[in-house]
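Asks: Output the structure for:
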Amino acid sequence: MSVAENKISQLHSLKDDDQLAVLWYLYKDIAKDKITAEPEREGENLEQANSLIDSIKKMSKDDQLQVQKDILSGSDREEFNTYKSYSSNQKLFFWYQLAAEMEQGSVVEFPSDYQLASEGKELLDSLKAIGFDQQLTFMRDAVGYSSDSSLN
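Replies: Here you go, the predicted structure:
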């Protein structure tokens, strides 16, 4: 198992809330000021991710949190079925835009007092220690990973 696969495996061994926390901290501490979406590829529409975010914004705060968990876990719901049709670039763009909406308060905000489990802290620390290119690869793999091969 490669280092990247090991880190993805570590992420997916965490509770849903801790998986979301790791993604949030990566956005806040690493990606927010460094990441930009790749240019759209032929046949790719990054704005599609915004329509999914717009539908999430219309949900209750509890449902907004649940849909994030369901998308990460691969739950068979309409939002996940939309999400899994996205390219890896669209998926990364979706999570980046979702985090920005969380930061603005239009999507359920991440609790400032959230206590990440020790396994999550270890994973986050190990991610902070690797280079940005590897962090980006991890983020892209993390939001596109599933035991369902149709996500990859």
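Asks: Give the residue spans of the chain that score low on pLDDT.
Replies: Scanning the chain for pLDDT under 70 picks out 1-4, 32-44, 145-152.
Asks: which residues of this protein fall in helices?
Replies: 3-12, 16-26, 47-57, 61-73, 78-84, 88-104, 118-128, 132-144 (DSSP state H).
Asks: which strands and helices sit next to the second one?
Replies: Based on contacts counted as 3 or more Cβ pairs under 8 Å, 6 or more residues apart in numbering; DSSP states H and E, the elements that helix 16-26 packs against are helix 3-12, helix 61-73, helix 88-104, helix 118-128, helix 132-144. From N, CA and C alone the C-beta is placed, and that goes for glycine too.
Asks: swap in the third one?
Replies: Helix 47-57 sits against helix 61-73, helix 78-84, helix 88-104, with contacts defined as 3+ Cβ pairs under 8 Å, 6+ apart.
Asks: Please work out which of those helices is packed deepest.
Replies: With neighbours taken as mean count of other Cβ atoms under 10 Å, the helices and strands packed on helix 47-57 reach their highest mean count in helix 88-104, at a mean of 19.
Asks: and the angle from that one to helix 16-26?
Replies: Counting by axes from the mean of the first three to the mean of the last three Cα atoms, to 10 degrees, helix 88-104 lies at 90 degrees to helix 16-26.
Asks: CA-only coordinates of helix 88-104, as CSV, when you get a sec.
Replies: Output of helix 88-104 as CSV, limited to C-alpha atoms (Å, rounded to 0.1, in the frame of the first residue of the first chain):
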residue,chain,number,x,y,z
SER,A,88,-12.1,14.5,-9.8
ASN,A,89,-11.6,18.2,-10.5
GLN,A,90,-15.4,18.9,-10.0
LYS,A,91,-15.4,17.0,-6.8
LEU,A,92,-12.4,19.0,-5.4
PHE,A,93,-14.1,22.2,-6.6
PHE,A,94,-17.3,21.1,-4.8
TRP,A,95,-15.6,20.6,-1.5
TYR,A,96,-13.6,23.8,-1.8
GLN,A,97,-16.7,25.8,-2.6
LEU,A,98,-18.7,24.0,0.2
ALA,A,99,-15.9,25.0,2.7
ALA,A,100,-16.0,28.6,1.5
GLU,A,101,-19.8,28.6,2.0
MET,A,102,-19.3,27.1,5.5
GLU,A,103,-16.8,29.9,6.3
GLN,A,104,-19.4,32.5,5.1
